[in-house]
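# Here is a sequence with its predicted model. Questions after.
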Amino acid sequence: MDRIRPLSRPLALLAAGLGLLAIGLVTLSSGCGFLRDLETPRARIVGHWTTDTGAHVYFSPTVGDEGLLIVVPQSGAREEFQYAVVEEDIEEETVTVEVTPEAGGDGEVRVYRIPPDGIFMRELSEDVPDSEKTEYIFVDTETQPSPYIETTAAEATPAE
């Protein structure tokens, strides 16, 4: 009876490396945006964005039409808001949301244009020239700020 030859050392290392690579890709794709929903503007808004002013903005997924919006300014404390999707226009690539402070108060309507690639977003509802409207760049699929970002913002706040 012939004996089955064990894999040669280089072939065994290659097989082990490919196995680790496959496990790594599955792990990364589960939390790094590879599985991000880009079908509609409403879906594209979900995640961690950074603005051209240095703020970090987090949109949670909506339950029904409502979600949580967290803003961590470049310097200062975290602010939480509720947001409700008021309208979505697939052809214009826009989503209109009403943003209300978590502590209560009047809501503010904002319109965001998010192209199909979901990399950039622009706030259209600001009453400023187009060149001055807030630009957002998608960072990752996180919907809560990391302690590092909150600490950095708090440390950048000038002492009173």
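Now that the structure is in, tell me what you want to look at.

# Could you use CA atoms for every contact and neighbour count after this?
Fine.

# CA atoms of stretch 61-76 as PDB?
The C-alpha coordinates for stretch 61-76 follow below in PDB (Å, rounded to 0.1, in the frame of the first residue of the first chain):
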ATOM      1  CA  PRO A  61     -29.000  53.000  11.000                       C
ATOM      2  CA  THR A  62     -32.700  54.100  11.200                       C
ATOM      3  CA  VAL A  63     -35.300  52.100  13.000                       C
ATOM      4  CA  GLY A  64     -38.400  53.000  11.000                       C
ATOM      5  CA  ASP A  65     -37.500  56.500   9.900                       C
ATOM      6  CA  GLU A  66     -35.500  57.600  13.000                       C
ATOM      7  CA  GLY A  67     -31.900  57.200  14.000                       C
ATOM      8  CA  LEU A  68     -29.200  58.700  16.200                       C
ATOM      9  CA  LEU A  69     -26.700  61.400  15.100                       C
ATOM     10  CA  ILE A  70     -23.600  62.000  17.100                       C
ATOM     11  CA  VAL A  71     -21.300  64.900  16.400                       C
ATOM     12  CA  VAL A  72     -17.800  65.200  17.900                       C
ATOM     13  CA  PRO A  73     -16.400  68.600  17.000                       C
ATOM     14  CA  GLN A  74     -12.700  69.000  16.400                       C
ATOM     15  CA  SER A  75     -12.500  70.500  19.900                       C
ATOM     16  CA  GLY A  76     -15.300  70.200  22.400                       C
END
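
# what's in contact with the longest strand seen in the chain?
The residue-count maximum for a strand in the chain (DSSP state E) belongs to strand 79-89. Residues outside strand 79-89 that contact it (C-alpha atoms under 8 Å, 6 or more residues apart in numbering): 41-42, 62, 65-72, 94-102.

# cool, stretch 148-159 as well?
72-78.

# Try it again at 10 Å.
54-56, 71-78, 147 (C-alpha atoms under 10 Å, 6 or more residues apart in numbering).

# Is it possible to mark the buried ones in these?
With burial judged by 16 or more other C-alpha atoms under 10 Å, the buried subset of those is 55-56, 71-78.

# now the helices for this protein?
Residue ranges of the helices in the chain, as given by DSSP state H, are 9-29, 41-44, 147-155.

# Out of these, name the one with the poorest average pLDDT.
The minimum mean pLDDT among the helices of the chain belongs to helix 9-29 (a mean of 58).

# which residue sits closest to Asp117, ignoring its sequence neighbours?
Leu38 (7.0 Å; C-alpha to C-alpha, 6 or more residues apart in numbering).

# That'll do, ta.
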